[in-house]
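>>> Return a 3D structure for these sequence lines:
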Amino acid sequence: MTTTTPNERNRAVIEEFRANAGRVGGSWEGRPLLLLTTTGAKTGHRHTTPLMHHREDGRLFVFASKGGAPASPEWYRNLVADPAVTVEVAGERYEARAVVLEGAERDRVYATQSANFPQFADYQARTERTIPVVELVRQA
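The predicted model follows:
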(Lines give C-alpha, C1' and ligand atoms only; values in the text may rest on other atoms or scores of the structure.)
Protein backbone atom coordinates (compact mmCIF):
# COMPACT_ATOMS: atom_id res chain seq x y z
CA MET A 1 0.00 0.00 0.00
CA THR A 2 1.35 3.42 -0.98
CA THR A 3 0.56 6.42 1.17
CA THR A 4 1.23 10.04 0.43
CA THR A 5 1.83 12.79 2.93
CA PRO A 6 -0.23 16.00 2.97
CA ASN A 7 2.81 17.85 1.58
CA GLU A 8 3.05 15.40 -1.34
CA ARG A 9 -0.68 15.73 -2.06
CA ASN A 10 -0.44 19.52 -1.90
CA ARG A 11 2.59 19.52 -4.21
CA ALA A 12 0.66 17.45 -6.79
CA VAL A 13 -2.37 19.77 -6.57
CA ILE A 14 -0.14 22.84 -6.92
CA GLU A 15 1.55 21.39 -10.02
CA GLU A 16 -1.80 20.48 -11.59
CA PHE A 17 -3.26 23.91 -10.73
CA ARG A 18 -0.35 25.73 -12.36
CA ALA A 19 -0.32 23.47 -15.42
CA ASN A 20 -4.05 23.92 -16.05
CA ALA A 21 -4.70 27.63 -15.33
CA GLY A 22 -6.29 26.89 -11.97
CA ARG A 23 -8.30 23.78 -12.85
CA VAL A 24 -7.69 20.53 -10.99
CA GLY A 25 -9.36 17.14 -10.73
CA GLY A 26 -9.82 14.65 -7.96
CA SER A 27 -11.35 15.83 -4.71
CA TRP A 28 -10.79 19.48 -5.74
CA GLU A 29 -12.65 19.21 -9.05
CA GLY A 30 -15.37 21.83 -9.42
CA ARG A 31 -14.40 23.62 -6.22
CA PRO A 32 -13.22 27.23 -6.14
CA LEU A 33 -9.49 26.83 -5.58
CA LEU A 34 -6.60 29.22 -5.20
CA LEU A 35 -2.97 28.97 -4.19
CA LEU A 36 -1.87 31.08 -1.23
CA THR A 37 1.82 31.69 -0.63
CA THR A 38 2.84 32.90 2.82
CA THR A 39 6.17 33.52 4.50
CA GLY A 40 6.99 31.13 7.34
CA ALA A 41 6.75 32.86 10.71
CA LYS A 42 9.64 30.79 12.10
CA THR A 43 11.69 29.92 9.01
CA GLY A 44 11.17 32.87 6.68
CA HIS A 45 10.69 30.36 3.83
CA ARG A 46 7.84 30.79 1.35
CA HIS A 47 5.07 28.15 1.55
CA THR A 48 2.27 27.59 -0.97
CA THR A 49 -1.02 26.02 0.04
CA PRO A 50 -4.08 25.15 -2.08
CA LEU A 51 -7.27 26.49 -0.48
CA MET A 52 -10.94 26.80 -1.29
CA HIS A 53 -12.08 30.39 -1.56
CA HIS A 54 -15.21 32.49 -1.74
CA ARG A 55 -15.67 35.51 -4.01
CA GLU A 56 -18.21 38.18 -3.19
CA ASP A 57 -18.61 41.64 -4.72
CA GLY A 58 -15.02 41.69 -5.99
CA ARG A 59 -13.65 40.49 -2.66
CA LEU A 60 -11.78 37.22 -2.09
CA PHE A 61 -11.90 35.18 1.13
CA VAL A 62 -10.23 32.04 2.50
CA PHE A 63 -11.01 30.02 5.61
CA ALA A 64 -8.53 28.68 8.20
CA SER A 65 -10.62 25.59 8.90
CA LYS A 66 -7.98 22.82 8.92
CA GLY A 67 -10.91 20.42 8.75
CA GLY A 68 -12.13 21.50 12.18
CA ALA A 69 -8.84 20.71 13.96
CA PRO A 70 -8.29 22.29 17.39
CA ALA A 71 -5.51 24.58 16.08
CA SER A 72 -5.39 26.85 13.07
CA PRO A 73 -3.31 25.78 10.06
CA GLU A 74 0.30 26.91 9.67
CA TRP A 75 -0.53 29.12 6.69
CA TYR A 76 -2.85 31.13 8.94
CA ARG A 77 -0.20 31.60 11.64
CA ASN A 78 2.22 32.66 8.91
CA LEU A 79 -0.05 35.37 7.51
CA VAL A 80 -0.86 36.70 10.96
CA ALA A 81 2.89 37.17 11.45
CA ASP A 82 3.36 38.62 7.94
CA PRO A 83 0.17 39.58 6.07
CA ALA A 84 1.98 40.11 2.74
CA VAL A 85 0.94 37.10 0.63
CA THR A 86 0.88 35.96 -2.99
CA VAL A 87 -2.39 34.74 -4.53
CA GLU A 88 -2.77 32.57 -7.63
CA VAL A 89 -6.34 32.28 -8.84
CA ALA A 90 -8.02 31.77 -12.23
CA GLY A 91 -4.73 31.89 -14.13
CA GLU A 92 -3.64 35.11 -12.44
CA ARG A 93 -0.91 35.75 -9.85
CA TYR A 94 -0.71 38.87 -7.66
CA GLU A 95 0.43 40.25 -4.32
CA ALA A 96 -2.16 40.77 -1.62
CA ARG A 97 -2.53 41.72 2.01
CA ALA A 98 -4.30 39.30 4.33
CA VAL A 99 -6.92 40.87 6.58
CA VAL A 100 -8.57 38.73 9.26
CA LEU A 101 -12.29 39.46 9.52
CA GLU A 102 -14.01 39.83 12.86
CA GLY A 103 -17.48 39.96 14.34
CA ALA A 104 -20.61 40.09 12.25
CA GLU A 105 -18.75 40.38 8.94
CA ARG A 106 -16.72 37.24 9.70
CA ASP A 107 -19.89 35.39 10.73
CA ARG A 108 -21.76 36.43 7.58
CA VAL A 109 -18.99 35.37 5.20
CA TYR A 110 -18.46 32.06 7.01
CA ALA A 111 -22.22 31.37 6.94
CA THR A 112 -22.26 32.00 3.18
CA GLN A 113 -19.35 29.59 2.66
CA SER A 114 -21.10 27.00 4.86
CA ALA A 115 -24.31 27.35 2.84
CA ASN A 116 -22.36 26.86 -0.40
CA PHE A 117 -20.17 24.04 0.97
CA PRO A 118 -21.79 22.35 4.01
CA GLN A 119 -18.53 20.73 5.10
CA PHE A 120 -17.50 24.16 6.44
CA ALA A 121 -20.40 24.04 8.92
CA ASP A 122 -19.15 20.58 9.93
CA TYR A 123 -15.63 21.94 10.43
CA GLN A 124 -16.90 24.65 12.77
CA ALA A 125 -18.99 22.12 14.70
CA ARG A 126 -15.89 19.94 15.26
CA THR A 127 -13.85 22.62 17.01
CA GLU A 128 -14.20 25.03 19.90
CA ARG A 129 -12.17 27.74 18.16
CA THR A 130 -13.83 30.22 15.85
CA ILE A 131 -12.52 29.40 12.40
CA PRO A 132 -10.83 32.51 11.00
CA VAL A 133 -12.00 34.10 7.77
CA VAL A 134 -9.32 36.02 5.87
CA GLU A 135 -9.86 38.53 3.11
CA LEU A 136 -7.08 38.67 0.51
CA VAL A 137 -6.90 42.32 -0.55
CA ARG A 138 -5.12 42.84 -3.86
CA GLN A 139 -2.23 45.30 -3.68
CA ALA A 140 -1.79 47.91 -6.42
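
>>> Residue 68 and residue 140: what is the separation?
36 Å (CB to CB, to the nearest Å). Every residue, glycine included, has its C-beta placed from N, CA and C.

>>> can you pull the contacts of residue 129?
For residue 129, the contacting residues are 70, 71, 72, by CB atoms under 8 Å, 6 or more residues apart in numbering.

>>> packing partners for the top strand by length along the chain?
Counting residues, the longest strand found in the chain (DSSP state E) is strand 46-56. With contacts defined as 3 or more CB pairs under 8 Å, 6 or more residues apart in numbering; DSSP states H and E, strand 46-56 has these neighbours: helix 6-19, strand 33-39, strand 59-63, helix 74-81, helix 103-116.

>>> Which of the contacts of residue 129 ranks first by neighbour count?
The residue in the contacts of residue 129 with the most neighbours, by other CB atoms under 10 Å, is residue 72 (16 neighbours).

>>> Touching, residue 61 and residue 113? I think so.
Yes - counting by CB atoms under 8 Å, residue 113 is a contact partner of residue 61 at 7.4 Å.

>>> what sits in contact with each of the two?
Contact criterion CB under 8 Å, 6+ apart; residues shared by residue 61 and residue 113: 54, 133.

>>> between those two, who's got more neighbours?
Using other CB under 10 Å, the more surrounded residue of residue 61 and residue 113 is residue 113, with 26 against 21.
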